[in-house]
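[1] coordinates only, sequence not included:
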Ligand SMILES: NC(=O)c1ccc[n+]([C@@H]2O[C@H](COP(=O)([O-])OP(=O)(O)OC[C@H]3O[C@@H](n4cnc5c(N)ncnc54)[C@H](O)[C@@H]3O)[C@@H](O)[C@H]2O)c1
């Protein structure tokens, strides 16, 4: 028996990085996974490999959410798990962020999480379920170089608690939690490292050794947290923020 046997799970932004790791682990643990992304070639390839379903979805488009939910409810009759994972990280500070960058970042992160939560609550309220929103440690600390991103991730943190509070008050048995990764080795962080320090992990002589030396986690570290939250093992975990950063946020500054 897998830890999420038979449960129906949507993972957005699942064609690479953290979403891919989440989809792989949930499928390996018995979930019926619906992966979505805008990178259809990678998405389809991975979905076929792990026996998942794949749908093109731009999470910043409201109609796309309607199409996805119609597909899930007509094809699977239920939804048990939603992982709101898709994201972008534009490098720009308070002086350089354009209005277009601001709006695009909030659309991809905040609009999408709002629509995802709204649809999920509607689909889950009879039987219960688990909503997992991907935030970041920048929601707790801020970030000079990722102004809009940090604002969006902070919004996801408080939206999560608001959804959890609503569902608890209504007796829906829907849990809603946010996950806050530190730096994890994906294309997003590789781009950030190159920009901030000129470091290219993938071109290092021993990329794995460099990753460990830099204190950067791997996608499975986050997928393990997502699996826990998705499973019934987390039945008493609700409205909270799970930081997965090997202490970088909370203990390293203590010296
Ligand atoms: N990697 C990290 O260290 C880290 C840390 C904190 C939070 N996060 C968050 O985790 C999530 C995944 O990040 P990642 O590192 O895997 O990034 P990534 O860039 O490797 O992957 C992001 C995925 O989202 C997809 N995507 C982008 N825009 C989309 C859209 N509009 N609609 C649908 N899909 C879209 C991309 O095609 C890609 O497959 C993001 O929300 C990110 O902010 C990552």
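    Arrived safely, thanks for sending. Values in this document were obtained by computation on a predicted structure and should not be read as measured data. Numbers count the residues shown, from 1 in each chain.
[2] Next one: the closest residue to residue 109 other than its chain neighbours relative to residue 5, how far apart?
    In space, and not counting its chain neighbours, residue 109 is closest to residue 152: 3.6 Å by CB to CB, 6 or more residues apart in numbering. C-beta here means a position set from N, CA and C on the backbone, and glycine is covered the same way. In this structure, residue 152 and residue 5 are 34 Å apart, going by CB to CB, to the nearest Å.
[3] More neighbours: which of these two?
    The neighbour comparison of residue 152 against residue 5 (other CB atoms under 10 Å) goes to residue 152, with 28 against 11.
[4] pretty sure the more buried one contacts residue 110?
    Yes: taking CB atoms under 8 Å as the definition, residue 152 is a contact partner of residue 110 at 5.0 Å.
[5] where does residue 17 land on pLDDT?
    pLDDT recorded at residue 17 is 98.
[6] which non-adjacent residue is nearest it?
    Closest to residue 17 by CB to CB, 6+ apart is residue 186, at 3.5 Å.
[7] coming back round to it: can you tell me which helix or strand the residue nearest to residue 109 belongs to?
    For residue 152, the element it lies in under DSSP states H and E is helix 147-170.
[8] And the ligand, is the helix or strand that that helix is followed by touching that?
    Beyond helix 147-170 on the C-terminal side, the first helix or strand identified by DSSP H and E is strand 174-181. Yes: using CB under 6 Å from any ligand atom, we find that strand 174-181 touches the ligand at residue 181.
[9] Mind listing the strands strand 174-181 pairs with, and their directions?
    Applying DSSP bridges to the sheet, strand 174-181 is found paired with strand 129-134 (parallel), strand 241-244 (parallel).
[10] near the ligand, which residues of the stretch 101-250 of the chain show up?
    Checking the stretch 101-250 of the chain against the ligand by CB under 6 Å from any ligand atom, the hits are 108, 134, 136, 181, 183-184, 186-189.
[11] sorry, back to before: quick one, what contacts the residue nearest to residue 109?
    Residue 152 is in contact with 105-106, 108-110, counting by CB atoms under 8 Å, 6 or more residues apart in numbering.
[12] Out of those, flag the one nearest to the ligand.
    Distance to the ligand, by CB to the nearest ligand atom, is smallest for residue 108 among those, at 4.7 Å.
[13] Is it correct that the closest one falls within a strand?
    No: counting by DSSP: H, G, I helix; E, B strand; the rest coil, residue 108 is not found in a strand; it is helix.
[14] ok now do the nearest residue to residue 238 once chain neighbours are set aside, which residues does it touch?
    Nearest non-adjacent residue to residue 238, counting by CB to CB, 6+ apart: residue 175, 4.4 Å away. By CB under 8 Å, 6+ apart, residue 175 lies in contact with 128-131, 164, 167, 229, 234-235, 237-239.
[15] Please look at residue 17 and residue 187 and confirm they touch.
    Yes: between residue 17 and residue 187 there is a contact under CB under 8 Å: 6.0 Å.
[16] Neighbour count for the two, which is higher?
    residue 17 (21 against 10).
[17] Output the below-cut-off pLDDT ranges for the chain.
    Along the chain, the model assigns pLDDT under 70 to residues 252-255.
[18] quick one, strands of it?
    8-12, 32-37, 53-56, 81-84, 129-134, 174-181, 241-244 (DSSP state E).
[19] For the ligand, give me its nearest residue in the stretch 51-200 of the chain.
    Nearest residue of the stretch 51-200 of the chain to the ligand, counting by CB to the nearest ligand atom: residue 87, 2.4 Å away.
[20] ok, residue 27 - contacts?
    Residue 27 makes contact with 33, 50-52 under the criterion CB under 8 Å, 6+ apart.
[21] rerun at 6 Å
    Residues near residue 27 by CB atoms under 6 Å, 6 or more residues apart in numbering: 33, 50, 52.
[22] out of the residues you listed, who has the most neighbours?
    Counting neighbours by other CB under 10 Å, residue 33 leads those with 28 neighbours.
[23] Torsion angles phi and psi at the nearest residue to that residue once chain neighbours are set aside?
    Distance criterion CB to CB, 6+ apart; nearest residue to residue 33, sequence neighbours excluded, is residue 52 at 4.0 Å. When read as degrees, to the nearest 10, the backbone of residue 52 gives phi -100, psi 170.
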